[in-house]
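J.: Fold the following.
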Amino acid sequence: MQESQELRGLRGWLVLIVIGLVISISRTAYSLLAVHYPVFADGTFTLLSTPGTELYNPLWAPILVSEALINVLFVATYAYLIYLFITEHYLFPKVYIATVIASAVFIPLDAWVCSLVFVDEPIFDANTTKELARTLIALFIWVPYMLVSRRVKATFVMHKPQSADAHTTVGS
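T.: The predicted structure is shown next:
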């Protein structure tokens, strides 16, 4: 019991995880504001998605809309993860792992779909490669840490529902 109390708390390697989450939410929100919003606000989206225009491709509209929506979802998820982290909620490790896996699936899938429009460009440009590398680091380092760390098991215990056995009473 003493050892689990010593391990409990938002310290150690967990600090790096929350720093990564703060950076992720900042970068994704910045991307939404600096890249995605102008595409929809300045007429670029109309130019790319209207049949008959020079830059039209039928894939542009679904790509741009889905990228923006998925990034909004990631920002919301990162915010939720930060809340779960700060409150030491028992769901944090599970939601974190699911988010990292979703990101690891989304990045190459998005790159492949974009390659259908940019046929002469490499599927993994420098930015996509950096994003994928960051995600793979999280996948191969932080996910196993979440699964085996005694600190994680000792820290993220709040709001855990009581088991059914604890609520049953002996009756006649």
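
J.: For residue 39, give me its contacts.
T.: Residue 39 is in contact with 45, 64, counting by Cβ atoms under 8 Å, 6 or more residues apart in numbering. Where C-beta positions appear, they are placed from N, C-alpha and C, glycine not excepted.

J.: do the same with the one 3 residues further on
T.: If a contact means Cβ under 8 Å, 6+ apart, then residue 42 has no contacts.

J.: For residue 71, see how far away it is.
T.: Counting by Cβ to Cβ, to the nearest Å, the gap from residue 42 to residue 71 is 18 Å.

J.: now swap in residue 14 and tell me
T.: 26 Å.

J.: Looking at those two, which is more packed in?
T.: Neighbour comparison, residue 14 and residue 71: the larger count goes to residue 14, with 21 against 17 (by other Cβ atoms under 10 Å).

J.: hang on, the more buried one packs against residue 155?
T.: Yes. Under the criterion of Cβ atoms under 8 Å, residue 14 makes contact with residue 155 at 6.8 Å.

J.: what packs against the longest helix anywhere in the chain?
T.: In the chain, taking DSSP state H as the definition, the longest helix is helix 60-86. If you count contacts as 3 or more Cβ pairs under 8 Å, 6 or more residues apart in numbering; DSSP states H and E, helix 60-86 packs onto helix 14-31, helix 37-41, helix 44-49, helix 92-115.

J.: what would the ones you listed look like in TSV with mean pLDDT?
T.: Listed next are those as TSV, based on pLDDT from 0 to 100:
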stretch	mean pLDDT
helix 14-31	96
helix 37-41	97
helix 44-49	95
helix 92-115	97
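
J.: How many residues are close by the residue nearest to residue 48 when sequence neighbours are not counted?
T.: Of all residues not flanking residue 48 in the chain, residue 60 sits nearest, at 4.1 Å (Cβ to Cβ, 6 or more residues apart in numbering). Residue 60 has 18 neighbouring residues, counting by other Cβ under 10 Å.
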